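> no FASTA, just this:
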């Protein structure tokens, strides 16, 4: 069953974050993922204002999403991101 990674990011160092942005797409694709949304315009319809970067990634399954997150490729991307952003990521099973 399809799964989605929902990511909220506060970028604190855009120049260093650019290295993460260069590495993460290859890691995502290597594990069957694809970007659905990647930092585009947002509009809050209910709740608190949101000023973080929002990313939505579709994976073939929860297992594929977990495998991506723990992969050597994504560990490299996370290391490049270290100190450049505060990130929240969760995965949710699709319907």
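On my side now, so go ahead. Bear in mind that the values here come from a model prediction, so they are computed numbers and not experimental data. Residues are numbered from 1 along each chain as shown.
> from the chain's centre, how far out does whatever helix or strand residue 77 lives in sit?
Assessed by DSSP states H and E, residue 77 sits inside helix 72-81. How far helix 72-81 lies from its chain's middle: 12 Å, per Cα atoms, centre = their mean, to the nearest Å.
> Next: stretch 77-86.
Put simply, stretch 77-86 sits 12 Å off its chain's centre (Cα atoms, centre = their mean).
> Can you give the contact residues for whichever helix or strand comes after the helix holding residue 77?
The helix or strand immediately downstream of helix 72-81 is strand 85-93, counting by DSSP H and E. Contact with strand 85-93 is made by 1-13, 17, 20, 59, 62, 65-66, 69, 81, as judged by Cβ atoms under 8 Å, 6 or more residues apart in numbering. (Glycine included, C-beta is placed from N, CA and C.)
> What of stretch 41-53?
7-11, 39, 54.
> Ends of that stretch, what's the gap?
Stretch 41-53 has an end-to-end distance of 9 Å (Cα to Cα, to the nearest Å).
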